[in-house]
Each structure stands twice: as structure tokens, then as C-alpha cells.
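Quick one, structure for this:
(one chain, ligands or ions: 1)
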Amino acid sequence: MANSDEQSKPSAAAAKNTPRHVAIIMDGNGRWAKNRLLPREAGHVKGIAALRQTVAAAREIGISYLTVYAFSTENWDRPQSEVLSLMGLFRRFYHADMKRLKKEDVRVRFIGQREGLDKDIAALIDQAELMTEMNAGLNFTVAFNYGAREEMVLAAQSLARDAATGRLNPSTIGENMFSHRLQTAGFPDVDLVIRPGGEKRISNFLLWQAAYAEFVFLDVLWPDFGKAHLEAALEEFAGRDRRFGRLPPEDEVEPSKDGNSERTTQQTASS
Ligand code: FPP
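A predicted model of the protein is given here:
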């Protein structure tokens, strides 16, 4: 991906509370093209350019995990010409970007089903993962032929298979074990979901992993998204009060032995 010529200078607010895992629903390519009387493919092409800039910006800012939604299991229902063009763009992305991503220490991974994809695309996915598996910089994950419900059903099936063969006692199944059967096993939970394009929905993306994520919805269409939008979303994230279901620290009072209320010491760094 192209190097951004801007230097990394996250705002003070964002720097003090940078999310470890940012997930982006890249939306608005079609409208971007329509606004310019261009074919939808032109929006997707510009969408890849926006993705390049975003990956570069994420590296500069020091985000550890960036996961983007490129093709959902529902996208197969689009006209065949658009599906074919997205598959073609995937091939172009591989040939244009993978060598550089490898050099830039980006670890590229894919989530989603390989079955159903053309064989050459499945092979490119394997190759991209293999050639960057030793990289330790940004963890960049592309959700391609991905649906969160399907991912969770497959995780449940894998646990059920182990239980049926006696390898697993069902009563030992907990949240951690379930997480480790997802394709994001070992990733931190999503801290921040960014959705450009004006819609305010999750669209079957990382439903388990984003259970406690903050959401930032932006009106900008994805092809126009850039470092400034990422920084604006990080700024908003930095100002959010994350509670994970708890009370804010100032309200966490409990009765003391003499009947008066006193503050608890319960306050986590991440709340
Ligand atoms: C949603 O916009 C976007 C997509 C379905 C495709 C996203 C794909 C890319 C950004 C490029 C492909 C990336 C790789 C790595 C191959 P939309 O088409 O639904 O836009 P609309 O809501 O305006 O119609």
C-alpha cells in the first residue's frame, strides 16, 4: 500500500487512549460513483485507494489491529457483474499491494469462508497470509465472504463436534473457549467500529467481537475517507466513557461499616 506522506501526529486526546482494535465497515462506494455518474466499480476502485491510505494511517498512528469489511456473505446477492468486479479488484489488490505490505511489516489475514470463492482467490488469500505470517507490525485483517452469524455457527459446530466425540465436556464451554473457535482467535476484542457512509447499523460484522465496542458513524462516503477521518473517529473514541456494564467510578459507592457510603476502589484502566 502507498506510504502516506503525512507524518504520524495523533492528537493528544487520541494518543492517550488509542484503541487496540479498530474495525471499519467500508460503505458508500456505490453512492460515491453514482454522484459522479460513474459505474459502481469506479467507487470500489476508489474504495481500495481509501483503504491503502487508511492502512498507512493506522500504521503511523500505532493501531495494533485493523479489520475491514470488504465482502459480506450477503454481497453475493448483488448483480453478477458487480460481484465479478469485486473479485477482480481483490486480485488487483493482491498483485498491487501484497509485496509492499510484506515489506512494511503488515501481517495480512482474512476472515470469512474460503469455500465458495474462486480457487485462485482462495489460493491468493492463503499466499497473502503465508507471506506475511512472520510480520509483527499492524495486524490487518480483511473480512471477505464474511458473515458474523455464519462465523458463530461454525464455532458452535466445532464445539459440538468435540463434545459429541467426548473430547470436550459441554459444561466447560465458556466465553473464552468460544472466542477461540472464531476466526479472530487470539485477537483483542474490537474497541472501535467506524462506519462511514451515513448508515447506522452493524450489518452482520464481528457481532461477538464488538460486544463492547464504541461506534462512530460518519457521513463521509468510504472513497473519500482518509487519515483525517480516522483521526476524528479516534478523537471521539478517546472522549468516550467506556464502562463495560459498570457504573461510572463516581457512582460506585457502597455502604461502609459505620453505615455511611464510601467509594469503592473498583476502577479499571479501561472503563
Ligand atoms: C459497500 O459500499 C462496499 C462494498 C460492498 C465493498 C467494499 C470493497 C472495497 C472498499 C474494495 C475491495 C477491497 C478489497 C481488499 C478487495 P456499497 O457498494 O454498498 O455502497 P452504497 O451503499 O453507496 O451502494
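
The stretch 101-250 of the chain against the ligand: which residues are in contact?
Within the stretch 101-250 of the chain, the positions near the ligand by C-beta under 6 Å from any ligand atom are 142, 197, 222. Heads up, the C-betas are built off the backbone N, CA and C, glycines and all.

Most neighbours among those residues, please name it.
residue 222 (27 neighbours; other C-beta atoms under 10 Å).

Let me see the confidence value for that one.
Residue 222 carries a pLDDT score of 98 in this model.

swap in the one 4 residues further on?
Per-residue confidence for residue 226 comes out at a pLDDT of 98.

Test my guess that it contacts residue 57.
Yes: using C-beta atoms under 8 Å, residue 226 makes contact with residue 57 at a distance of 7.4 Å.

Look at these two and report which has more neighbours.
residue 57 (23 against 17).

Quick check: nearest residue in space to the more buried one, chain neighbours excluded?
Nearest non-adjacent residue to residue 57, counting by C-beta to C-beta, 6 or more residues apart in numbering: residue 227, 3.9 Å away.

tally of neighbours for that neighbour?
The local packing of residue 227 (other C-beta under 10 Å) involves 19 other residues.

Next: residue 66.
A count of nearby residues for residue 66, using other C-beta under 10 Å, gives 23.

So which bits of the helix or strand where it lies are buried?
Using DSSP states H and E, residue 66 sits in strand 65-72. For strand 65-72, a neighbour-count test (16 or more other C-beta atoms under 10 Å) marks 65-72 as buried.

do stretch 48-58 as well
48, 50-58.

With stretch 83-97 instead?
Buried residues in stretch 83-97 (16+ other C-beta under 10 Å): 85-87, 89-90, 93-94, 97.

ok, which of those residues also contact the ligand?
89-90, 93.

for the record, mean pLDDT for the lengthiest helix in the chain?
Identified as the longest helix of the chain according to DSSP state H is helix 80-103. The average of the pLDDT scores along helix 80-103 is 97.

And stretch 33-46, by the same measure?
On average, stretch 33-46 scores 98.

tell me which residues in it are buried?
Residues of stretch 33-46 classed as buried by neighbour count (16+ other C-beta under 10 Å): 33, 40-46.

Return the subset of those lying in helices.
33, 40-46.

Farthest-apart pair in these, please.
Farthest apart among these by C-beta to C-beta are 40 and 46. That separation is 10.9 Å.
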